[in-house]
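**Student:** Kindly generate the corresponding structure for this input.
(chains A and B)
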2 protein chains.
Amino acid sequence: MKVLAILYNGFNAAVKEPRLLGTVENKTNGLHREVMSLLVSSDKEGPNSDFEKHLVDAEVVITTPFHPGYLTRELMEKAKNLKICITAGVGSDHIDLNAAVDHKIQVLEVTGSNVVSVAEHVVMNILTLVRNFVPAHEMIERGDWQVSDIARNAFDLEGKVVGTIGAGRIGYRVLQRLVPFDCKEHLYYDYAKLPVEREQAIKARRVEDIEEFVSQCDVVTVNAPLHEGTRGLINEKLLSKFKPGAWLVNTARGAICDTDAVAAALKSGDVWNVQPAPKDHPWRTMKNPLGGGNGMTPHYSGTTLDAQARYAAGTKSILENYFEGREQEPANVIVGHGAWATKAYGQR
Amino acid sequence: MKVLAILYNGFNAAVKEPRLLGTVENKTNGLHREVMSLLVSSDKEGPNSDFEKHLVDAEVVITTPFHPGYLTRELMEKAKNLKICITAGVGSDHIDLNAAVDHKIQVLEVTGSNVVSVAEHVVMNILTLVRNFVPAHEMIERGDWQVSDIARNAFDLEGKVVGTIGAGRIGYRVLQRLVPFDCKEHLYYDYAKLPVEREQAIKARRVEDIEEFVSQCDVVTVNAPLHEGTRGLINEKLLSKFKPGAWLVNTARGAICDTDAVAAALKSGDVWNVQPAPKDHPWRTMKNPLGGGNGMTPHYSGTTLDAQARYAAGTKSILENYFEGREQEPANVIVGHGAWATKAYGQR
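**Tutor:** Got it, this is the predicted structure:
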């Protein structure tokens, strides 16, 4: 049985830090200690890549959202032995899920392994944008000191309206963490209404119309999976309904936003459409007219060392269940045996 | 009656943004709309400065903590007409308070005007340090993408021990905002114990010995005024008791830390000893061995536009009370008529 794992290169950092479990170098510390017939590589692009060469006879494929091997329908059709795809982390949009259903390939992810990590990242991004942190820190590093240039675009989060697109495991935790910040209102946009007691716990009110939703928010944060219902959701038309000066924090997937429309119209975002993003990607250097509004980072929010320990353990547990023929944790199953197992990826 | 206000220059930013009330340019929008005999300047250093020249016959002096005019005993002795010093903001350590007591000069500040602003700034700084935000964002701006170089020094706040030196209006609000983050423990070091119900509300436990306190913390945040009991508190000896890799967030006053000891030993800080800090101040560019750990900003945390509206209104109210001979709000009084009115500045 061949197990193929596409991880990212950690280079010197991984050599020095054994807790970087998501890297090629630390495979033996992490995900796969017990797996013998294992091929690990970071080489994932094109027909001569390790990914495409070894996929044809692999039974198990392990990928991460941080350096994703894109499993298209075409590739799945060549992968005759493939039975299970495991995402070491959360977010399986790099896998054609409908093709997985058709080919009876199971798709599992380590649900919950990074929801806290990402929720913390979202709160951090909201605070850094609203409070204008990045230009303030850059000013210090370059040797300047002009408080008013920072303060003119710095606000408190208190009293602002924060809305999340998606009130699932991450979006819920974001609003939960904001409760003591005394925002003016917490809003959410989602396909289903939360139970009243869960709404009350995070002080949230649902708005069913997305244009009405964004028009009320000072801060909009995207915490939804990428699927056909969310691809390009934040486009020029929707952006025109945002409040002027609103802040956008998208730590979900870049393709939920129209790249150029966001760069042209808005203040910030976080996860990227193509990873790694090209050097000249407009989101790297976009600024608002006051020199701020950009808190972009590489895609690492869900791969803190704390999260890596969780997703490594979860991946190992999925593998062991698979090898030993045990039932998987229902919450981890995205695609079961020839059928969707979740509504989170747009299936209704 | 001469009213002297030492504010900071906002230059173009203040011309464009009338809500920058703490600036020389916007004096008429802000603090002093109703004051006629007003002299406003940012020129505060040396015997030929507007500050020292006009202090000699001013009755009221208004300063801010963001660009402080330092009111020494020597200067107070020359200020024969001076009756009241108003800090437009919070933190009156730029005034020799014992000298104010001796000269029967009242000292008032706008208590509460920026406690939320600073508490939010502290939470932001904690998240950016623990999660390693600054190097991640700098990586994006310079066109690189190497997740493992960031992730090797990125952690979640969940499960960490956070301690505040000072559990007053700001420190309390910091721990209050962290309650939903599921930290392992909240600790505080202060001269007095909080009532049990207030301890429970922020899940905090008091540690009476400062060395024992810091040795238990993953994150230490300083939220105490600067006075003789806190000056140099974070010195080489105390730093040696910190956990290795601990994070330090000091948004109080720089002189609470020994500059070189912190630069040598530690990961970050926020407010400065001398403002503006010199271009070659070691805190501007200090880094930890992994290229991170520095989230320094200029002193703006308490001067967001939201805070400026609050401290401008508070300063105006103090002035009106003074002009009309009304009682001041007790919480705003630092030094009353020839006597200390608070324990917050080290008087017991």
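**Student:** CA only for contacts and neighbour counts going forward, please
**Tutor:** OK.
**Student:** which SS class is residue A:200?
**Tutor:** With DSSP: H, G, I helix; E, B strand; the rest coil as the basis, residue A:200 sits in helix.
**Student:** how near is it to residue A:77?
**Tutor:** 47 Å (Cα to Cα, to the nearest Å).
**Student:** cool, and residue A:39?
**Tutor:** According to Cα to Cα, residue A:39 stands 20 Å off from residue A:77.
**Student:** same thing with residue A:139?
**Tutor:** Distance of residue A:139 to residue A:77, computed by Cα to Cα: 53 Å.
**Student:** Then residue A:54?
**Tutor:** To residue A:77, residue A:54 is 14 Å away according to Cα to Cα.
**Student:** ok, the two, which is more surrounded?
**Tutor:** Counted by other Cα atoms under 10 Å in any protein chain shown, residue A:54 and residue A:77 do not tie: residue A:54 has more neighbours, with 18 against 14.
**Student:** Show the pLDDT at the more buried one.
**Tutor:** The score at residue A:54 is 92. That number is its pLDDT.
**Student:** What lies in contact with the host helix or strand of it?
**Tutor:** Using DSSP states H and E, residue A:54 falls within helix A:50-55. With contacts defined as Cα atoms under 8 Å, 6 or more residues apart in numbering or on different chains, helix A:50-55 is touched by A:4, A:6, A:41-47, A:61, A:69, A:75, A:78-79, A:82.
**Student:** which among those gets closest to chain B?
**Tutor:** Checking the contacts of helix A:50-55 against chain B by Cα to the nearest Cα gives residue A:42 as the nearest, at 12.6 Å.
**Student:** For the closest one, which residues are in contact?
**Tutor:** Contacts of residue A:42 by Cα under 8 Å, 6+ apart are A:6, A:7, A:8, A:9, A:24, A:50, A:67.
**Student:** In JSON lines: these, plus neighbour count, secondary structure and pLDDT.
**Tutor:** Converted to JSON lines, the contacts of residue A:42 look like this (neighbours: other Cα atoms under 10 Å in any protein chain shown; DSSP: H, G, I helix; E, B strand; the rest coil; pLDDT from 0 to 100):
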{"residue": "A:6", "neighbour count": "23", "secondary structure": "strand", "pLDDT": "87"}
{"residue": "A:7", "neighbour count": "27", "secondary structure": "coil", "pLDDT": "83"}
{"residue": "A:8", "neighbour count": "24", "secondary structure": "strand", "pLDDT": "83"}
{"residue": "A:9", "neighbour count": "20", "secondary structure": "coil", "pLDDT": "85"}
{"residue": "A:24", "neighbour count": "21", "secondary structure": "coil", "pLDDT": "81"}
{"residue": "A:50", "neighbour count": "19", "secondary structure": "helix", "pLDDT": "93"}
{"residue": "A:67", "neighbour count": "22", "secondary structure": "coil", "pLDDT": "85"}
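**Student:** Contacts only, for the closest residue to residue A:115 other than its chain neighbours.
**Tutor:** Spatial nearest neighbour of residue A:115, excluding adjacent residues (Cα to Cα, 6 or more residues apart in numbering or on different chains): residue A:170 at 5.1 Å. Residue A:170 is in contact with A:115, A:116, A:118, A:119, A:223, counting by Cα under 8 Å, 6+ apart.
**Student:** Could you do residue A:141 as well?
**Tutor:** Going by Cα under 8 Å, 6+ apart, residue A:141 touches B:284, B:285.
**Student:** How much space separates the residue nearest to residue A:115 from chain B?
**Tutor:** According to Cα to the nearest Cα, to the nearest Å, residue A:170 and chain B sit 13 Å apart.
**Student:** where does that residue sit relative to residue A:200, distance-wise?
**Tutor:** Using Cα to Cα, one gets 17 Å for the distance from residue A:170 to residue A:200.
**Student:** Check the gap between the most centrally placed residue in chain A and residue A:336 for me.
**Tutor:** Centroid-nearest residue in chain A, with Cα atoms, centre = their mean: residue A:252, separated by 3.8 Å. Using Cα to Cα, residue A:252 is found at 24 Å from residue A:336.
**Student:** same thing with residue A:67?
**Tutor:** To residue A:336, residue A:67 is 24 Å away according to Cα to Cα.
**Student:** Same question for residue A:162.
**Tutor:** The gap separating residue A:162 from residue A:336 is 36 Å, by Cα to Cα.
**Student:** out of these two, which sits in the busier spot?
**Tutor:** Taking other Cα under 10 Å, residue A:162 and residue A:336 do not tie; residue A:162 has more neighbours (26 against 20).
**Student:** how many neighbours does residue A:11 have?
**Tutor:** By the other Cα under 10 Å criterion, the neighbourhood of residue A:11 contains 14 residues.
**Student:** So it sits against residue A:20, correct?
**Tutor:** No - counting by Cα atoms under 8 Å, residue A:11 stays clear of residue A:20, with 10.6 Å between them.
**Student:** Can you give me the neighbour number for residue A:205?
**Tutor:** Neighbour tally, residue A:205, other Cα under 10 Å: 17.
**Student:** List the residues that contact the closest residue to it other than its chain neighbours.
**Tutor:** Of all residues beyond its chain neighbours, the one nearest residue A:205 is residue A:187 (4.9 Å), with distances taken as Cα to Cα, 6+ apart. Contacts for residue A:187 were tallied using Cα under 8 Å, 6+ apart; they are A:161, A:162, A:163, A:164, A:204, A:205, A:206, A:207, A:213, A:217.
**Student:** Now with 7 Å, please.
**Tutor:** Contacts were defined as Cα atoms under 7 Å, 6 or more residues apart in numbering or on different chains; by that measure residue A:187 touches A:162, A:163, A:164, A:204, A:205, A:206, A:207.
**Student:** Just the contacts of helix A:50-55: which are in helices?
**Tutor:** Among those, the ones falling in helices (DSSP state H) are A:75, A:78.
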